[in-house]
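Student: Dropping a prediction and its sequence here:
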There are 2 protein chains.
Amino acid sequence: MPQHIPADSVGIVEPQTAVFDEPLELKSGRVLPKYELVYETYGTLNEDKSNAILICHALSGHHHAAGFHSEDDTKPGWWDACIGPGKAIDTNQFFVISLNNLGGCHGSTGPTSINPETDEPYGGDFPVLRVYDWVTSQARLADRLGIECFAAVVGGSLGGMQAMRWSIQYPERLKHCVIIASAPKLSAQNIAFNEVARNTIMKDPEFHDGHYLKHDTLPKTGLMQARMLAHLTYLSDDAMGEKFGRDLKTDEVSYEFVPEFQVESYLHYQGEKFSTTFDANTYLLMTKALDYFDPAQYYDNDLSKCLSQATCKFLVMSFTTDWRFSPERSEEIVDALIEADKDVTYACIESEKGHDAFLIPIPRYVKTFGAYMNRIAKEDI
Amino acid sequence: MPQHIPADSVGIVEPQTAVFDEPLELKSGRVLPKYELVYETYGTLNEDKSNAILICHALSGHHHAAGFHSEDDTKPGWWDACIGPGKAIDTNQFFVISLNNLGGCHGSTGPTSINPETDEPYGGDFPVLRVYDWVTSQARLADRLGIECFAAVVGGSLGGMQAMRWSIQYPERLKHCVIIASAPKLSAQNIAFNEVARNTIMKDPEFHDGHYLKHDTLPKTGLMQARMLAHLTYLSDDAMGEKFGRDLKTDEVSYEFVPEFQVESYLHYQGEKFSTTFDANTYLLMTKALDYFDPAQYYDNDLSKCLSQATCKFLVMSFTTDWRFSPERSEEIVDALIEADKDVTYACIESEKGHDAFLIPIPRYVKTFGAYMNRIAKEDI
């Protein structure tokens, strides 16, 4: 293992690809004739295949959750803080599967993939997906890997919605469901933020109805603005205040319309970086899946009735300054689970980091999460 | 008075224009050689000119605060709920002046006005203004109208910042300062929202460095997006939830990238309406004035030291679900005033309406505000 790779890292990992030739009928009625899912695994599957953990990613996430892709890789996977030997999701105990969702832009079949019907990238023709479809495709990946029942399905934010969907869609296929910084459905405000972001992308003159690749271009400006806005909602007012305050890049204001406060430059940097590394159509798909998620709608809008389908145990976690999915939203899930007589553990973690907190190794968060996972390792695998 | 004009309205009002030929040196160092301010007045100035109230408007506000412009006018001025005979600002007792700020787009000299140096609209060449400059120009308007000392300077949001600036810039020229739903300076998050909005405007291909009028076009898309975003931040999550929830326009989701939730349509409607009725350069100027406002910076970043310049009394009001300028931001002002040994009355009003609450006749708000103003009428004019 190279010098710079820490001892508690899963080390160098290699993505794998599962090819599915059987068609996938989507909730929308449309059909994906075939598709690929790219995924990584960390740790070792035990003999009776009872120690598998599924990681579901959030809006801009992907399969690379832990470890490094090469010795030169400077940054580990997005949830390396929580996945590794001795970490909250301890790879000495668990076999962890992390995939890139369908519709993604990191290797799984998505809008940048070639549409077999046209031999051109799907672009704007890629079907709109629902969390339900992701869970269906994840179950097929589990079949492929011989996992009948997960020790836990785990996710933060949009990933938490997938975990929740698992608990009602395949109740017999998971023993624990870990829902972090999530919500049972988006609020009107959440939807509104998504719609503003979508609007900036779709009104970018380079968008071409989603067929920008065919036009040899990218809707960079729109995607940058969408990301600036989203990024801003992932941070708390306090966290931004502490990080940037009203600090200027220079000594004096310029009286020009240029980014001059540090927070402006930071957002520009984040937005620009994202605008060339993420696919705009994937962004649109992910936000639509978020908007549509509302499993209780199929149970008379009764979340408790909906969650009564579940047979697993639950860990729900939230963060005090998360205003994208506030603790109250997590508590709706907890209350519904209690009403449905389910086994639920809940922790609201003190943090000034906003929604982003679920990606950060805050001691009480990691400790609580780790203790819960450790109990699973001891009792349920 | 026409049938539809209520008895407690100021009735039909006519805007007036004050022309200023003396140059105005701005905080930026630039000079406006001459300018016009459009304004309205309601009520009657008393003999000793002691009953004048100055209304300062917020980002998208203007001079038309109360009454109707014609018998066919369907909507009254933007603060008609609070200005009129028997209302919180009682025009039977007060002489109310409401102007359109410099840089505005409703009649006062601004980016759509003709630049005397080029005989073309200022457009992007209009100088960046600060709250300080507005207050200076408002003082000149007061001179013109023969008002030496206002009974009160009153404003909400950005208007509250102007009122606060009055109290330290011309302490001898106001007896009361009413600061509603405001803040002593923007937070990093506030600035970030403004920068995203500015970015959508400036990156609109129709923006042409602010010289869109010369190009016979408007950056409608960018301004629409800016407004959608801003509007969203003026409402609370609860208010949006109550108004729209997750209601769809149709029975079923469409699986298309079109506005389909009611909240999306509402934001589109609001954004589109604004995009043709407001000037994009004015929007940019207003947000920059907001970003720059920080009077304490000239007093060792000590707000109390800054406000110790004031000699007037203060009424500060905030609203529980206002997350743009939360009650904590108003309380910073209150705490600084107490520390500076000033006479301050503070009310935090229970409301689910978010930042927009200051425009809405919430009973406890109007009652508190009215009681304070009534005391001014009794004791201080």
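Tutor: Everything's here; your move.

Student: can you list the weak-confidence ranges in chain A?
Tutor: A:1-3 (pLDDT under 70).

Student: let's see it at 90
Tutor: Residue ranges of chain A with pLDDT under 90: A:1-5, A:250-251, A:380-381.

Student: can you map out the strands along it?
Tutor: A:16-20, A:24-25, A:31-32, A:35-42, A:52-56, A:83-84, A:89-90, A:95-99, A:114-115, A:120-121, A:152-156, A:176-180, A:313-319, A:344-349 (DSSP state E).

Student: Now tabulate those in CSV and tack on distance to B:A18.
Tutor: C-beta: built from backbone N, CA, C; applies to glycine. Below are these laid out as CSV (distance: least, C-beta to C-beta, whole Å):
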stretch, distance to B:A18
strand A:16-20, 72
strand A:24-25, 69
strand A:31-32, 67
strand A:35-42, 67
strand A:52-56, 63
strand A:83-84, 67
strand A:89-90, 69
strand A:95-99, 67
strand A:114-115, 64
strand A:120-121, 60
strand A:152-156, 58
strand A:176-180, 59
strand A:313-319, 53
strand A:344-349, 56
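
Student: Nearest to A:V128, out of these?
Tutor: strand A:31-32 (11.7 Å; C-beta to C-beta).

Student: Nearest to the middle of chain A, which residue? Look it up for me.
Tutor: A:A58 (1.3 Å; C-alpha atoms, centre = their mean).

Student: That one against A:M161, yeah?
Tutor: No: using C-beta atoms under 8 Å, A:A58 is not in contact with A:M161, being 9.2 Å away.

Student: any idea how far B:K203 is from A:G86?
Tutor: Going from A:G86 to B:K203 by C-beta to C-beta, to the nearest Å gives 47 Å.

Student: next one: A:L315
Tutor: Going from A:L315 to B:K203 by C-beta to C-beta gives 43 Å.

Student: same check, this time on A:E256
Tutor: Distance from A:E256 to B:K203, by C-beta to C-beta: 16 Å.

Student: For those two, indicate the residue with more neighbours.
Tutor: Legend: neighbour count by other C-beta atoms under 10 Å in any protein chain shown for A:E256 and B:K203, higher for B:K203 (19 against 10).

Student: check contacts around the residue nearest to A:D21 when sequence neighbours are not counted.
Tutor: Spatial nearest neighbour of A:D21, chain neighbours left out: A:K34 (4.9 Å); criterion: C-beta to C-beta, 6 or more residues apart in numbering or on different chains. Applying C-beta atoms under 8 Å, 6 or more residues apart in numbering or on different chains to A:K34 gives the contacts A:V19, A:F20, A:D21, A:E22, A:P23, A:T109, A:P116.

Student: Please apply the same query to A:V96.
Tutor: With contact set as C-beta under 8 Å, 6+ apart, A:V96 has these partners: A:T41, A:Y42, A:G43, A:A52, A:I53, A:I55, A:A65, A:A66, A:I83, A:I89.

Student: Run a quick neighbour tally on the nearest residue to A:Q297 once chain neighbours are set aside.
Tutor: Nearest residue to A:Q297, sequence neighbours excluded (C-beta to C-beta, 6+ apart): A:K185, at 8.0 Å. Around A:K185 there are 21 other residues, counting by other C-beta under 10 Å.

Student: Quick check, A:K185 in contact with A:D291.
Tutor: No: the criterion here is C-beta under 8 Å, and A:K185 misses it with A:D291 at 9.1 Å.

Student: what does the stretch 201-350 of chain A have sitting close to chain B?
Tutor: Proximity of the stretch 201-350 of chain A to chain B is confined to A:202-203, A:205, A:221, A:224-225, A:228-229, A:232, A:235-237, A:240-241, A:243-246, A:253, A:255-257, A:259, A:261-264, A:267-268, A:284, A:288, A:291-292, A:294, A:323 under the rule C-beta under 8 Å from any C-beta of the partner chain.

Student: Apply 7 Å and report the result again.
Tutor: Residues of the stretch 201-350 of chain A lying close to chain B by C-beta under 7 Å from any C-beta of the partner chain are A:202-203, A:205, A:221, A:225, A:228-229, A:232, A:237, A:240-241, A:244-246, A:253, A:255, A:257, A:259, A:261, A:263-264, A:267, A:284, A:288, A:291-292, A:294.

Student: Emit the ChimeraX select command for whichever of these are buried.
Tutor: To isolate the buried members of those in ChimeraX, using 16 or more other C-beta atoms under 10 Å in any protein chain shown:
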select /A:202,203,221,225,228,229,232,237,240,241,244,246,253,255,257,259,261,263,264,267,284,288,291,292,294
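
Student: count of residues packed around A:C348?
Tutor: 17.

Student: which parts of the stretch 51-200 of chain A sit against chain B?
Tutor: A:128, A:185, A:187-189, A:191-193, A:195-196, A:198-200.

Student: can you tell me which of these lies nearest to A:K305?
Tutor: A:K185 (14.3 Å).

Student: So the closest one sits against A:Y292, correct?
Tutor: No: A:K185 is beyond contact range of A:Y292, at 9.1 Å (criterion: C-beta atoms under 7 Å).

Student: what's near enough to touch A:V38?
Tutor: The contact partners of A:V38, by C-beta atoms under 7 Å, 6 or more residues apart in numbering or on different chains, come to A:P15, A:T17, A:H63, A:L99, A:N100, A:H106, A:G107, A:S108.

Student: Which of these has the largest number of neighbours?
Tutor: Ranking the contacts of A:V38 using other C-beta under 10 Å puts A:L99 first, with 29 neighbours.

Student: Please list all residues in contact with the nearest residue to it once chain neighbours are set aside.
Tutor: Nearest residue to A:L99 in three dimensions, chain neighbours excluded: A:Y39, at 3.8 Å (C-beta to C-beta, 6+ apart). Applying C-beta under 7 Å, 6+ apart to A:Y39 gives the contacts A:P15, A:Q16, A:A18, A:H63, A:I97, A:S98, A:L99, A:L141.

Student: how near is the spatially closest residue to A:I168 that is not a sequence neighbour to chain B?
Tutor: The spatial neighbour of A:I168 that comes closest, neighbours along the chain excluded (C-beta to C-beta, 6+ apart), is A:Q309 at 4.1 Å. A:Q309 sits 21 Å away from chain B, going by C-beta to the nearest C-beta, to the nearest Å.

Student: from memory A:Q309 sits against A:Q169, does it?
Tutor: No: using C-beta under 7 Å, A:Q309 is not in contact with A:Q169; the gap is 8.2 Å.
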